[in-house]
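Peer 1: Starting from these lines, generate the structure:
(one chain, ligands or ions: 1)
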Amino acid sequence: MPSASQDSPMDAAELLFIHPGHALYPEELELRFRVLREPLGFPRSAVAFPFEAESLHLVARQGGAVVGCVLFHPEDPQGGRLFQMAVTPPLQGRGLGARLVTALEEELRRRGFTRVHLHARAQVVPFYERLGYTPYGEPFTEVNIPHRHMRKTLASSILPGRRSQEA
Ligand SMILES: CC(C)(COP(=O)(O)OP(=O)(O)OC[C@H]1O[C@@H](n2cnc3c(N)ncnc32)[C@H](O)[C@@H]1OP(=O)(O)O)[C@@H](O)C(=O)NCCC(=O)NCCS
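Peer 2: Below you'll find the model as predicted:
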C-alpha cells in the first residue's frame with residue numbers, strides 16, 4: 001500500500017483497498033453519489049452497481065474522510081473494467097486521480113491482470129490519455145452524457161532482466 005507523506009496535500013491522502021463490508025464503504029458510496037450521480041440528477045439508488053461485492057474498491061482517505069475512489073470489476077482472469085473514478089471537487093486537479101489509477105494498476109499487475117477497459121466521460125478522455133489509455137469504438141451515451149470506450153494493456157511489473165538476475 002502506498003504510504004502517506006507530507007510532501008504535498010495529495011501525498012497526505014492515504015490509499016487503501018476496502019470491500020463493501022468496510023466501515024468506509026458508506027462514505028465511498030456517498031462520494032460516488034455526490035461526484036458522479038447527483039450532478040446529473042440521478043437518485044442515491046442509482047449509485048450501486050450489481051457487481052459491487054466482486055469488485056476492487058480503492059479509496060483515498062484524508063483527514064478521516066473519503067476524498068477519492070476508483071473501482072475495478074474483474075471480467076475474466078486477464079482483464080476487467082475500471083469504473084466509478086471520482087475525486088472530491090475541492091481536491092480535483094492536484095494529482096489524486098492519477099495517483100489512484102496508478103495504484104490500482106499496480107495492484108492489478110500484482111494480481112496478474114493485463115487488460116483494463118473503461119467508459120470515459122467525453123470531457124475526461126484527456127485525463128485517461130495522460131495515463132496511457134486509448135479510445136476505441138464509437139462514442140456512446142451513458143447516464144445521459146457522451147462517453148468513449150478506452151483501454152490499456154498493463155505492462156508486466158517484472159523489470160527487464162530481473163529473471164536472469166534471479167537465475
Ligand atoms: C476526472 C477526475 C477523476 C480526475 O482526477 P483529478 O485528481 O482531478 O486529476 P489529476 O489532478 O490527477 O490529473 C492528472 C492529469 O490529468 C489532467 N486532467 C485531469 N482532468 C482533466 C480533464 N477533465 N481534462 C483534461 N485534462 C485533465 C490533469 O491536468 C493532469 O495532467 P498533468 O499530468 O499534465 O498534470 C476528477 O476530476 C473527477 O472526479 N471528476 C468528476 C468525476 C468524473 O468525471 N469522473 C470520471 C468518470 S469517467
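Peer 1: Buried residues in the strand or helix carrying residue 109, which are they?
Peer 2: Secondary structure here is read from DSSP states H and E; on that basis residue 109 sits in helix 96-110. Residues of helix 96-110 classed as buried under the neighbour-count rule (16 or more other Cβ atoms under 10 Å) are 96-97, 99-101, 103-105, 108. C-beta: built from backbone N, CA, C; applies to glycine.
Peer 1: and the closest residue to residue 150 other than its chain neighbours, backbone torsions?
Peer 2: In space, not counting the residues next to it along the chain, residue 150 is nearest to residue 133; the distance is 4.2 Å by Cβ to Cβ, 6 or more residues apart in numbering. Recorded main-chain torsions at residue 133 are phi -90, psi 150, according to degrees, to the nearest 10.
Peer 1: Against residue 30, how distant is residue 133?
Peer 2: Remark: distance between residue 133 and residue 30 (Cβ to Cβ, to the nearest Å) = 27 Å.
Peer 1: Tell me which residue lies nearest the centroid of this protein.
Peer 2: Per Cα atoms, centre = their mean, the C-alpha nearest to the average position across the chain is that of residue 70, at 2.7 Å.
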